[in-house]
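Undergrad: show me the folded form of this:
(one chain, ligands or ions: 2)
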Amino acid sequence: MKHYNAHTIEARWQNIWAQSGVFEPLKDFSKPKKYILSMFPYPSGAIHMGHVRNYAIGDALARYYRQMGYNVLHPMGFDAFGMPAENAAIQYGIHPKQWTYENMSKMRIEFQALGFSFSKEREFATCDPHYTKIEQGFFIEMYKQGLVYQKEAWLNWCPKDKTVLANEQVVDGKCWRCDTPVVQKQMPQYYLKITQYAEELLEGLKTLEGHWPAQVLRMQENWIGKSQGLAFAFTLAPESAALLDSHAQIEVFTTRIDTIYGVTFIALAPGHPSVGVLLERDLLEPSIKQAIIEMQNTSARARSMEKKGVLLPLYALHPLSCERIPIYVANFVLESYGSGALMGVPAHDTRDHEFATLLNIPIKSVISQEGLLEHSHDYDGLTPAQAREKLSDWFEAQGLGQRITHYRLQDWGISRQRYWGALIPMVRCDHCGLVPEKHENLPILLPEDVNIDGEGNPLEKHPKFRACTCPTCNRPALRECDTMDTFFQSSWYFLRYATPKELWEKEAFDPQALDYWLGVDEYIGGVEHAILHLLYARFFTRVLRDLGYVRLDEPFTCLTTQGMVLKEGAKMSKSKGNVVSPQEILSKYGADIARLYIHFVAPPSKELDWNDKALEGGARFIKRFYEKSFLVLPCDHPPKLENLNAQEKQARAKVHTALQKCHAIFEKKQPGYPFNTLIAASMEALNALEKTSNPALWSEAYYILTHILEPIIPHVCSEIANRLFKCQNFKPQEVDKTALEQESIEIAITINGKKRASMVVAKDLDRDALLAQAKVEAHKWLENQEIRKEVVVPAKLVNFVI
Ligand code: ANZ
Ligand code: ZN
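TA: Ligands and ions are numbered 1, 2, ... in the order given. A predicted model of the protein is given here:
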């Protein structure tokens with residue numbers, strides 16, 4: 001008997017795989033396909049446990065579908081532009097490009113050491129020039145279609161990094177990378193018109209129901225934030241109008257026009273244009289001016305923490321009662337939503353209520369206890385919905401307002417004032433204005449002789465780079481130095497993988513290959529990308545569809561989001577010093593044990609709390625599985641089994657139960673990829689097998705177990721299967737139903753009488769064990785529920801009343 005040595009076995013198989021090209025997708029489009037994609041990493045130089053988990057899930061799926069005879073695309077690449085490369089340049093004086101490509105080499109070695117079955121041929125980095133070339137081409141086409149525009153905007157600005165931050169990059173009012181308090185700054189930015197696709201992006205979510213986690217769909221829906229209401233303008237009282245422009249009005253957006261008689265104030269965003277006029281004309285008291293400037297310099301996020309506001313020397317007239325309504329500047333009003341102003345109804349809106357209480361503004365209720373309108377003149381007694389209709393009709397008929405649909409979703413600001421990114425391919429000409437580069441000049445690449453010192457954008461300080469010829473009039477012109485948000489690159493990388501490498505220099509995509517491979521059959525990644533990345537990718541796909549590149553609406557057919565990897569209940573982080581490094585685990589235990597552990601302790605969607613003890617358990621199993629394999633007789637095919645005794649039948653039933661479970665899990669008959677239950681079933685099968693000594697039975701069991709565990713622990717399974725069965729390729733295995741019938745039965749699990757799941761159990765399992773297993777299988781439906789009654793119908797079903 002040989003001892004298990006993970007390192008020799010794993011090195012051998014990794015070599016064989018690297019030489020053989022078995023993980024490359026085939027160009028035979030007549031075969032059924034599976035496109036299995038894990039989100040690509042940023043090349044930081046070392047992968048972390050979150051990556052290992054993400055890729056272990058994807059790899060299991062890819063390997064399973066190869067067994068099943070599918071043509072599998074399972075690519076990996078690098079999301080290679082972004083800040084950390086520049087920070088490294090600032091800190092260590094190493095060029096971002098060198099740093100990035102060196103890190104990728106290190107990470108490639110780690111991928112190999114983990115046995116991931118990525119396609120090598122399709123790998124690319126988003127900073128590769130061929131990728132930039134295509135992407136800049138897309139940008140120009142979008143610009144020509146009117147999908148890109150420039151606009152002055154209030155932006156989150158990190159004074160330290162000298163960069164614009166997205167709202168999500170502002171954490172508690174501070175820069176997510178360097179913790180510097182964020183200020184607001186106005187500057188011209190390039191925007192993509194994602195709002196033009198808002199309705200379609202919302203509608204599309206319906207087609208994803210049941211295939212994407214419900215929580216992710218809800219987050220996307222809220223992010224798009226559709227609401228229907230009325231836009232109308234308040235006229236200013238005459239002396240107020242005189243302060244501004246004589247025809248000035250305050251436009252507002254409301255979803256509750258039924259509460260119009262409850263308006264007791266109007267609130268403007270700190271960046272509202274009328275506020276700007278008052279400041280410009282110096283019409284405000286110093287203390288008020290000071291307070292407004294402070295609000296303007298606070299990010300929207302930070303502003304939402306505590307309500308603040310000041311009264312302006314302005315009054316508007318109520319459109320129905322003609323009462324004078326005071327106008328405030330309020331920090332909770334967003335510049336970028338609606339018209340940047342709202343009608344305040346403190347009696348019926350909690351934010352308004354808080355604000356009114358703070359500033360002693362009257363509160364006027366216009367909806368009675370019974371839920372009908374009151375103090376609303378002609379509208380008294382109506383339901384709010386009726387009043388909304390009637391009032392909207394009235395405003396529209398008077399020409400004073402109109403019904404509109406608003407989306408919380410805003411256009412996507414893609415300008416970054418950073419060096420290490422894809423350049424925006426635009427040119428400023430004194431004569432022609434802003435013009436896109438010519439296609440034949442692409443890619444516009446970054447100059448490499450730059451001085452990156454952390455102060456602003458090095459491209460701006462590079463006259464040789466900036467000087468160019470105008471693509472329209474050939475006069476001297478200036479190159480744009482903004483680079484693109486890195487989300488731009490990650491919005492289409494999954495489309496690029498489908499195209500064979502040899503076409504990359506010439507074309508964006510091979511249309512036939514795109515049609516064949518897309519959508520992605522399973523996309524796996526962290527839930528932190530639930531909103532932005534996925535929304536941008538869904539948008540980008542539609543834009544490319546409308547530009548004629550792809551014939552696809554939704555890029556990701558199914559989505560799996562994996563839970564975080566924790567240590568003792570806390571997020572792993574360098575500052576807490578609780579990081580478990582993949583390198584350490586690899587050198588101590590090897591890849592298979594690490595992979596088994598990851599799949600064994602928690603199903604993908606759950607958090608995974610790292611625990612070395614449980615790792616040892618997995619290590620013992622693999623060791624035993626390997627070492628016992630030397631008791632198995634080598635053979636070409638699993639032998640026929642006859643005249644088994646009761647114990648042998650029991651063991652065989654367990655093996656086939658595990659096999660059945662394997663198919664059920666991968667084919668999603670049991671949702672959420674609960675590989676932990678597959679591993680448990682395999683362990684049980686091995687235990688039962690060890691109580692028997694029938695060589696034929698052992699052969700069959702090992703044949704099946706190496707197959708079903710190969711997606712999870714590929715090295716040791718390949719080693720055993722190759723030695724015992726000369727198995728070159730893993731092939732689909734068929735469940736022998738008669739083996740199951742011997743000892744196992746299928747039991748339905750119902751909840752309040754509705755079938756929710758089923759389980760295969762030993763025939764003689766007693767009531768308590770049956771209930772315990774049913775609770776595990778149905779935990780999804782039982783979580784946080786009180787079980788009122790448990791009913792067991794022997795050999796048929798278990799019902800829970802909740
Ligand atoms: C009066 C009112 C009364 C409102 C009431 C709500 C409840 P959703 O539904 O999310 O679209 N609003 C309008 N513009 C705003 C801005 N720029 N910043 C912050 N809030 C703004 O929100 C629409 C509601 O948000 C609008 O309806 C408005 O308050 C407020 F009982 O008008 B409502
Ligand atoms: Zn010109």
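
Undergrad: what kind of secondary structure is residue 688 in?
TA: Three-state assignment for residue 688 (DSSP: H, G, I helix; E, B strand; the rest coil): helix.

Undergrad: per-residue confidence for it?
TA: For residue 688, the pLDDT comes out at 92.

Undergrad: correct me if wrong: it contacts residue 649.
TA: No - contact criterion C-beta atoms under 8 Å: residue 688 and residue 649 do not qualify, at 10.0 Å. C-beta coordinates here come from the backbone N, C-alpha and C atoms, glycine included.

Undergrad: elements contacting the helix or strand residue 715 falls within?
TA: According to DSSP states H and E, residue 715 maps onto helix 714-725. With contacts taken as 3 or more C-beta pairs under 8 Å, 6 or more residues apart in numbering; DSSP states H and E, helix 714-725 sits against helix 6-20, helix 591-601, helix 612-628, helix 695-709.

Undergrad: show me how far that helix is from its chain's centre.
TA: Put simply, helix 714-725 sits 36 Å off its chain's centre (C-alpha atoms, centre = their mean, to the nearest Å).

Undergrad: what's downstream of it, the next helix or strand?
TA: Downstream of helix 714-725, the next assigned helix or strand under DSSP H and E is helix 737-743.

Undergrad: who's in contact with the next helix or strand after that following helix?
TA: Using DSSP H and E, the helix or strand that follows helix 737-743 in sequence is strand 744-751. Among residues not part of strand 744-751, those counted as contacts by C-beta atoms under 8 Å, 6 or more residues apart in numbering are 653, 656-657, 755-763, 770, 774, 777-778, 781-782, 795-800, 802.

Undergrad: quick check: ChimeraX command selecting the buried ones in the residues you listed.
TA: Command for ChimeraX that selects the buried part of these, burial taken from 16 or more other C-beta atoms under 10 Å:
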select :653,656,657,756,757,758,759,760,761,762,770,774,777,778,781,782,797,798,799,800
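
Undergrad: in strands only, show me the contacts of strand 744-751.
TA: Mapping these onto strands (DSSP state E) picks out 755, 756, 757, 758, 759, 760, 761, 762, 797, 798, 799, 800.

Undergrad: which residues sit in contact with the spatially most central residue of the chain?
TA: Nearest to the geometric centre of the chain sits residue 529, at 2.2 Å (C-alpha atoms, centre = their mean). Going by C-beta under 8 Å, 6+ apart, residue 529 touches residue 39.

Undergrad: likewise for residue 448?
TA: Neighbours of residue 448 in contact, by C-beta under 8 Å, 6+ apart: 95, 97.

Undergrad: and it, helix, strand or coil?
TA: Residue 448 falls in the coil class when you classify it by three-state DSSP.

Undergrad: contacts for stretch 535-544 next, please.
TA: Stretch 535-544 is contacted by residues 138, 142, 147, 192, 194, 197, 200-201, 204, 220, 223-224, 412, 487-488, 490-492, 494-495, 550, 552-556 when judged by C-beta under 8 Å, 6+ apart.

Undergrad: scratch that, stretch 329-342 is what I was asking about
TA: 153-154, 231, 250-254, 266-273, 275, 291-292, 295, 298, 300, 303-304, 307-310, 312, 351-352, 355, 406, 408, 410.

Undergrad: so that stretch, near ligand 1 or not?
TA: Yes - on the criterion C-beta under 6 Å from any ligand atom, stretch 329-342 is in touch with ligand 1 at 333, 334, 337, 338, 340, 342.

Undergrad: most surrounded residue in these?
TA: For these, the largest neighbour count, defined by other C-beta atoms under 10 Å, is 28 neighbours, found at residue 333.

Undergrad: helix or strand for it, which one?
TA: According to DSSP H and E, residue 333 maps onto no helix or strand at all.

Undergrad: residue 277 contacts residue 245, correct?
TA: Yes - Residue 277 is in contact with residue 245 according to C-beta under 8 Å; the separation is 7.5 Å.

Undergrad: have a look at the two and say which one is more surrounded.
TA: The neighbour count for residue 277 versus residue 245, taken as other C-beta under 10 Å, is higher for residue 277 (14 against 11).

Undergrad: how close does the closest residue to the more buried one other than its chain neighbours sit to residue 275?
TA: With sequence-adjacent residues excluded and distances taken as C-beta to C-beta, 6 or more residues apart in numbering, residue 277 is closest to residue 244, at 5.4 Å. Residue 244 is 10 Å from residue 275, where distance means C-beta to C-beta, to the nearest Å.

Undergrad: looking at the two, which one has more neighbours?
TA: Taking other C-beta under 10 Å, residue 244 and residue 275 do not tie; residue 275 has more neighbours (24 against 18).

Undergrad: which parts of the helix or strand hosting the more buried one are buried?
TA: Using DSSP H and E, the element containing residue 275 is helix 273-280. Residues of helix 273-280 classed as buried by neighbour count (16+ other C-beta under 10 Å): 274, 275, 278.

Undergrad: now the last one. Nearest residue, chain neighbours left out?
TA: Read it as residue 278. In space, residue 278 is closest to residue 284, 5.5 Å off (C-beta to C-beta, 6+ apart).

Undergrad: quick one, phi psi at the one you found?
TA: phi -120, psi 150 (degrees, to the nearest 10).
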